[in-house]
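>>> Quick one: sequence plus predicted model below, questions after.
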Amino acid sequence: MLIFFDPIYMMLATAGYFLLLLLATTVAPKVAGKVSGKFSLFTSMLLLSVLILGISAGVIYIILLFAGYYVSIYGLIIFLLIVNLLMYLISPFMINLSFSARRDERLQLVVNSVARRMGMRAPKAVVVSGPPNAFAYGNIISGKYVAVSDSLLSMLSQDELEAVIGHELGHHRHKDNLVMLLFGLLPSIIFYLGYALIHESFRDDRRGMQLAAVGFAAVFVSFLIQILVLAFSRLREYYADFEGVRVAGKDAMQRSLAKIHLFYYRYPRYMDAIADSKFRTLFIYALVNAVAEPISRMDIERLKNEKVSPIQEFLSTHPPIPKRLRFIEALSL
C-alpha cells in the first residue's frame with residue numbers, strides 16, 4: 001500500500017496540520033511578543049539552530065534506545081537524503097523549464113556589479129516569466145542562478161533592482177538552499193520514525209502500547225521541530241534582506257519590498273501563482289494572503305505599521321513585509 005493512502009499516515013498528517021494551526025493561534029503570538037527584539041539576528045539564528053539540532057538529536061536517540069530493532073534509522077536517513085538530494089540536484093533544471101528561464105545580458109551586468117561589491121563570484125542571471133518575484137537557486141552541477149521575473153524588472157528602479165539582487169546573492173552567500181535542505185530533513189526523520197513505531201505497535205502484543213505512545217510523541221515533536229525550522233527560515237530571509245541593505249541602502253530595499261507587496265495587495269488574483277508553486281520557498285515574496293507605481297515614504301510607513309496575521313506568519317517560510325520593513329529600519333550598518 002502506498003504511504004499516502006495509509007489511514008494511519010493520513011490521520012497523523014491531518015492531526016499535525018491542526019496542531020500547527022492551534023499553536024499558531026495560541027502559543028505563537030505570545031512567544032513572538034515576548035522574544036521579538038530581545039536577541040540579535042545572528043544570536044537568534046544560533047539559538048534556533050542549537051535548539052533544532054539538540055531536540056532532534058535527543059528525540060532520535062530516545063527512539064533508538066527504546067525501539068531497538070523496530071526501526072532502521074540509518075536506512076531512513078539514507079532514503080530521505082537520497083530523495084532530497086535528488087530533488088536538490090534536478091530542481092534547477094525543473095525551475096528553468098517551469099519558468100521559461102532565459103539568460104539576459106542587461107540583468108547579468110547588474111548581477112555582476114552587485115556581486116563585485118559583495119566580494120563574491122557572480123551567478124548566472126536569468127529572466128523568468130510570471131508575476132513580480134525574484135529567487136536564487138542552483139547547485140554544483142547546474143551552477144548558481146539569480147532569477148528576476150520580467151514583470152518585476154519593469155517595476156523596479158535601478159537601486160531597487162540592486163537591492164533585490166543583493167538579497168538573492170545573500171541567499172547564495174549564506175548557502176541557504178543547502179542549509180534549509182538539511183534542517184528540513186530533521187522533522188521528516190522524526191515523523192517517519194514515529195510513524196514506523198505506531199505501525200509496529202499493532203504487531204507487538206507485549207510492548208504495543210509503549211511503542212504507540214513513543215510513536216505518537218515522536219510525531220508530535222516532529223511538528224514542533226517543523227515550526228522551529230519555519231522560524232529559522234524566516235530568520236534567513238531577514239539575513240538576506242540585510243545583504244540587500246548593504247548593497248543598495250535601507251530606502252531602496254524597503255521600496256522594492258513595498259512595491260512587490262502592494263502589487264499583490266492590489267491584484268490578489270496573481271497570488272495563485274505563488275500559493276500553488278512548488279518553489280515558493282525560494283521567492284523573495286511568498287507570504288500568501290496578504291504596478292509599476294511610485295512608492296512614497298508614506299506608503300512604506302503605512303506598511304510598516306500594518307498588523308500581521310500570527311497564523312499566516314507562523315506557518316510561513318517568509319516573514320511578513322511589515323516586519324521586514326521594520327527590521328530594515330532598525331538596522332545599523
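Okay, I see it. On a predicted model such as this, the values are computed, not experimentally measured, just so you know.
>>> the helices in the chain, which residues?
Shown for the chain, the helices assigned by DSSP state H span residues 7-25, 27-35, 41-67, 73-98, 105-118, 150-155, 158-173, 176-201, 208-248, 250-266, 271-275, 297-304, 310-314, 321-330.
>>> Worst mean pLDDT among these?
Among the helices of the chain, helix 27-35 has the lowest mean pLDDT, at a mean of 60.
>>> The closest residue in space to Val179 that isn't next to it in sequence and Phe42, how far apart?
Spatial nearest neighbour of Val179, excluding adjacent residues (CB to CB, 6 or more residues apart in numbering): Arg236 at 7.3 Å. All C-beta atoms are positioned from the backbone trio N, CA, C, and that covers glycine. Applying CB to CB, to the nearest Å, the value for Arg236 to Phe42 is 12 Å.
>>> more neighbours, those two?
Arg236 (22 against 11; other CB atoms under 10 Å).
>>> so that one makes contact with Asn177?
No. With contacts counted by CB atoms under 8 Å, Arg236 stays clear of Asn177, the gap being 10.0 Å.
>>> between these two, what contacts are shared?
Common neighbours of Arg236 and Asn177 are listed as His171 (criterion: CB atoms under 8 Å, 6 or more residues apart in numbering).
>>> What count of nearby residues applies to the closest residue in space to Ile63 that isn't next to it in sequence?
Of all residues not flanking Ile63 in the chain, Leu193 sits nearest, at 5.1 Å (CB to CB, 6+ apart). If you count neighbours by other CB under 10 Å, Leu193 ends up with 26.
>>> Confirm for me that Leu193 is in contact with Ala218.
Yes. Using CB under 8 Å, Leu193 is in contact with Ala218, at 5.6 Å.
>>> Now list whatever residues contact both of those two.
By CB under 8 Å, 6+ apart, Leu193 and Ala218 have these common neighbours: Ile63.
>>> So what's the gap between stretch 165-172 and the chain middle?
14 Å (CA atoms, centre = their mean, to the nearest Å).
>>> and if you look at stretch 323-330?
In terms of CA atoms, centre = their mean, the gap separating the centre of stretch 323-330 from the centre of its chain is 18 Å.
>>> what sits against the residue nearest to Val179?
45, 171, 174, 176, 179-180.
>>> Most neighbours among those, please name it.
Among those, His171 has the most neighbours (other CB under 10 Å), with 24 neighbours.
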